[in-house]
Each structure stands twice: as structure tokens, then as C-alpha cells.
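Q: With the input below, show me the fold.
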Amino acid sequence: MSTNSAAVTMTNRAQASKTRRLVQIAVLGAIAAVLMLFEFPLPVAPPFYKLDFSEIPIMIGGFAMGPVAGVLIEAIKIVINTLLNGTSTMFVGELGNFIIGCAMVVPASLIYRKLHTRKGALVSMIIGTLVMSAIGVLVNAFILLPTYASAFHWPLEDIIAMGTAIHPSINSVMSFVLLTVLPFNLIKGAIICAITFVIYKYLRKIIK
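A: Just a heads-up that it's a prediction; the model follows:
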């Protein structure tokens, strides 16, 4: 085989690999968008916080293709879901979902690339859950809740009262996020990580 032929072959293979990667990202984003349609509340938080399983294909994509792929899948999920359902939160909920989802998949996939073992996967998901939960507290306290209250003319006191109905010691925005948002995200992360940990080993060969 000539040098030119070898170069063309390598270019074609690289292009095919890139195309396959883009297709996989799009497919995983579409699957995540569908899973986002099935959501339900948890008793630890007010009903406008809802759990869904859309982060599972995002975590799988992040583990298989890296953090950039995870972020792209997260973005595709949000775009598709918004196109299908519109927004009832003036994009506040969608923004929060994107930021908090990225806060989980980015550190988890970065660590997994360095610790590419089952133990590494477990460690990476635990850290991803903790980062997501911490970012979720900050984003809700300083961005999402104030923006949501302002956009919908819904006093923060009324939102805090919804938390007080669940946990009587809630009397401020910070106690609200620490006693409702934090446990909600910890539970969500634990469920997502447990399912991802079980099914990833069966799917990674297909993706790769």
C-alpha cells in the first residue's frame, strides 16, 4: 500500500469514527430526552423538584466518550425536551437541569478516565454525586430560586413555606436548599449511579 493510500485510509477511518461518535451522542441525547418525560417527586422536597432517569444515558456517554460528550448529550436532552414540551419555567428549570447535570457527569467522567476500573467507576460516581449535590445547593440558593420567584412573581417566602411543610425547621432559603434540595440530589445521584454501575458494563462494548 502506498503512503498516499495509507493516509487516505487513515483519514477515512478517522472520519468514520468521528461520525459514529456524533451519532452516538445524538442517540444518547434523544434517549435522555425521552427518559426526562417520566418524572416523579420525592417526599424529601416540594413537588416541583422531580426525579427522572435522564442522567443515566448521559453518564454512560460520559464514561464511554469523555466529559465533552457528556455535556453535549446533556445539552441535546434539554433542547429536545424543550422542543417537545416547551417550558413552563421560562427556561429557569431547564438551565438548572443542565448545570446540575453537567456538575455530575463532568467530574465523574474525568475521574473515570484516570481510574478506568470498576472501583474507579464507583469512586467517580460518588464524587460526581457529591459535586452535583453541592452545586445544586449553590445554584438553587443564589440563581434558580430567586430567578424563579422573580419571573413568576412568586414570593420566596411562599416557596420556603412549602419546605417548612416538609421539614418544620426550614425558615430561610439556605435551610430550604440544605434540607430539601441537598437530600433530593443525593438520593437522585445514588439512584442514577446504582443503575449506571449495573448496566454500563453491558453497554460499553456496544458504544465503543
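Q: Strands of this structure, residue ranges please.
A: Secondary structure of the chain, counting by DSSP state E: strands at 40-41, 50-51.
Q: So for Asn171, which of these sits nearest?
A: For those, proximity to Asn171 was assessed by Cβ to Cβ; strand 40-41 is nearest, at 22.1 Å. To be clear about C-beta, it is placed using only N, CA and C from the backbone, and glycine gets the same treatment.
Q: Show me what the closest one pairs with in its sheet, parallel or antiparallel.
A: Under the criterion DSSP bridges, strand 40-41 sits next to strand 50-51 (antiparallel) in its sheet.
Q: Show residues contacting the strand it pairs with.
A: Taking contacts as Cβ atoms under 8 Å, 6 or more residues apart in numbering, the residues outside strand 50-51 that touch it are 39-42, 184, 187-188, 191.
Q: Just the mean pLDDT for it, thanks.
A: Averaging the model's pLDDT scores along strand 50-51 yields 92.
Q: Same question for stretch 197-208.
A: 73.
Q: Also stretch 97-104?
A: If you average the pLDDT values across stretch 97-104, you get 95.
Q: got any ranges where the chain has weak pLDDT?
A: Along the chain, the model assigns pLDDT under 70 to residues 1-14, 204-208.
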